[in-house]
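S.K.: The sequence isn't on hand, but the structure is:
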């Protein structure tokens, strides 16, 4: 993306400029071959090394040991709404789900096609403005797992901490819009997954991290491409994987390592979101009613829809795109993912202050 444009879209989102430059260099020739990286076979040794390097880098920055299997798949996080029950929910068992919002709800709808799903808690009664406390939700110790969305992109909510639940039921989470911006408490998770197009890379690849001890018992109806055991045994290449998106993701993992790792990325996420929320709370023209606020997807309203339309139009004219809220909730939304620099947030805040002075 041009350095003159700030992309606040919920996804696909910005990539670090240095990563884009590295990707540009791969388009003419890759690894000494007379072919682009997008032209070589996924069976080629040089691409197998790309996958191995990406996996090793991700494991390092998240602190995962060899008990974890990392998969690079297609289908998006939405595909894993089916992949989770197909791999972890055996016939005759139940799984618990928390209705956290738009994406948590979609995960529930999809999972019900493949087994007995119990919705143990919901944010609906609070207008999806406050997430149910993980430490307080009712849990059946016999569940195969408990699923939730850690950060709701549409609703702008997020679990500030992943609390210890009442029983040792495996936790499974959709982490699409917070991956690499939170230090993951791995001891509390059995699996987590996310689409890359927010914090990690371009659209096309989905990252699945699962404890190896949970592999090996997919449902009989599980398609081979969704079978985590088969994909793991084939190094995520049972079928042709999203080659270029995996390469880009690997470059982002290395960029994270070079910039202080996930702890530093989490600190930057907190700093960026804090500045935005302080601005929203300070200026009467803006409002945010979320009790459990997201650090990556900051939703806000203006006092009238007419002003929101004017705000969005002027913001785009000033080089800030993707600020329109999701069609399901309206308003505005600033997604400040991994690659959004603090300077970009400061530019948005300065515009918000100026807009308020002229229209407050």
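M.R.: Yep, that arrived. Keep in mind the model is a prediction, meaning the values are calculated, not measured.
S.K.: Residue 96 looks like it's in a helix, true?
M.R.: No. Assigned with DSSP: H, G, I helix; E, B strand; the rest coil, residue 96 falls outside any helix and is strand.
S.K.: And the strands in the stretch 251-360 of the chain, which stretches?
M.R.: 286-287, 297-302, 320-321, 332-335 (DSSP state E, counting those that start in this stretch).
S.K.: right, so of these, which gets closest to residue 14?
M.R.: strand 332-335 (9.2 Å; C-beta to C-beta). Heads up, the C-betas are built off the backbone N, CA and C, glycines and all.
S.K.: Phi and psi next, for the nearest residue to residue 35 once chain neighbours are set aside.
M.R.: Among residues not flanking residue 35 along the chain, residue 29 sits closest, at 7.0 Å (C-beta to C-beta, 6 or more residues apart in numbering). Here is the backbone geometry of residue 29 (degrees, to the nearest 10): phi -150, psi 140.
S.K.: Test my guess that residue 29 contacts residue 36.
M.R.: Yes. Using C-beta atoms under 8 Å, residue 29 makes contact with residue 36 at a distance of 6.9 Å.
S.K.: separation between residue 59 and residue 53?
M.R.: Using C-beta to C-beta, to the nearest Å, one obtains 11 Å as the distance from residue 59 to residue 53.
S.K.: and if you look at residue 142?
M.R.: 40 Å.
S.K.: Look at these two and report which has more neighbours.
M.R.: residue 53 (16 against 10; other C-beta atoms under 10 Å).
S.K.: next one: phi and psi at that one?
M.R.: Backbone torsions of residue 53, given as degrees, to the nearest 10, read phi -70, psi -40.
S.K.: what's around the nearest residue to it once chain neighbours are set aside, how many residues?
M.R.: The shortest distance from residue 53 to any non-neighbouring residue, by C-beta to C-beta, 6+ apart, is to residue 250 (5.6 Å). When neighbours are defined as other C-beta under 10 Å, residue 250 has 24 of them.
S.K.: What helix or strand is residue 250 located in?
M.R.: Per DSSP states H and E, residue 250 falls inside helix 243-258.
S.K.: So in this protein, which helix runs the longest?
M.R.: helix 261-282 (DSSP state H).
S.K.: What mean pLDDT does that helix get?
M.R.: Across helix 261-282, pLDDT averages out at 98.
S.K.: what bits of the stretch 101-250 of the chain have low per-residue confidence?
M.R.: Residues of the stretch 101-250 of the chain that meet the criterion pLDDT under 70 lie in 166.
S.K.: Model confidence for residue 37, exactly?
M.R.: Value for residue 37, per-residue pLDDT: 76.
S.K.: Residue 27 is in contact with that one, correct?
M.R.: Yes. Taking contacts as C-beta under 8 Å, residue 37 lies within contact range of residue 27: 7.4 Å.
S.K.: For the two, indicate the residue with more neighbours.
M.R.: residue 37 (22 against 12).
S.K.: Look at residue 360 and report its pLDDT.
M.R.: Reading off the model, residue 360 has pLDDT 75.
S.K.: which residue packs closest to it, ignoring adjacent ones?
M.R.: Excluding its sequence neighbours, the residue lying closest to residue 360 (C-beta to C-beta, 6+ apart) is residue 285, at 4.9 Å.
S.K.: tell me the strands in the stretch 1-150 of the chain, going along the chain?
M.R.: Counting by DSSP E, counting those that start in this stretch, the strands of the stretch 1-150 of the chain are 6-7, 68-73, 94-99, 116-122, 146-149.
S.K.: Please identify which of those is closest to residue 183.
M.R.: Of these, the one closest to residue 183 (C-beta to C-beta) turns out to be strand 68-73, at 15.5 Å.
S.K.: May I have the beta-bridge partners of residue 194?
M.R.: With DSSP bridges as the criterion, residue 194 is bridged to residue 207.
S.K.: What about the closest residue to residue 62 other than its chain neighbours, how many residues nearby?
M.R.: Leaving aside its chain neighbours, residue 62 sits nearest to residue 184 (5.6 Å; criterion: C-beta to C-beta, 6+ apart). Other residues lying near residue 184 total 22 when counted by other C-beta under 10 Å.
S.K.: Please apply the same query to residue 52.
M.R.: As a burial measure, residue 52 scores 12 neighbours (other C-beta under 10 Å).
S.K.: now swap in residue 263 and tell me
M.R.: 11.
S.K.: residues touching it, list them.
M.R.: Contact partners of residue 263, counting by C-beta atoms under 8 Å, 6 or more residues apart in numbering, are residue 183.
S.K.: What of residue 27?
M.R.: By C-beta under 8 Å, 6+ apart, the contact set of residue 27 is 36-38.
S.K.: what about it, distance to residue 35?
M.R.: Between residue 27 and residue 35 the computed distance is 10 Å (C-beta to C-beta).
S.K.: Please apply the same query to residue 172.
M.R.: For residue 172, the distance to residue 35 - C-beta to C-beta - is 39 Å.
S.K.: And for residue 127?
M.R.: Going from residue 127 to residue 35 by C-beta to C-beta gives 53 Å.
S.K.: the more surrounded of those two?
M.R.: Between residue 127 and residue 35, residue 35 has the larger neighbour count (other C-beta under 10 Å), namely 14 against 11.
S.K.: Return the set of buried residues in stretch 55-63.
M.R.: 55, 57-59, 61-62 (16 or more other C-beta atoms under 10 Å).
S.K.: whoops, stretch 75-92 was the one
M.R.: Buried-residue list, stretch 75-92, by 16+ other C-beta under 10 Å: 75-89.
S.K.: Show me the two of those that sit farthest apart.
M.R.: Among the buried residues of stretch 75-92, 76 and 89 lie farthest apart (C-beta to C-beta), at 19.9 Å.
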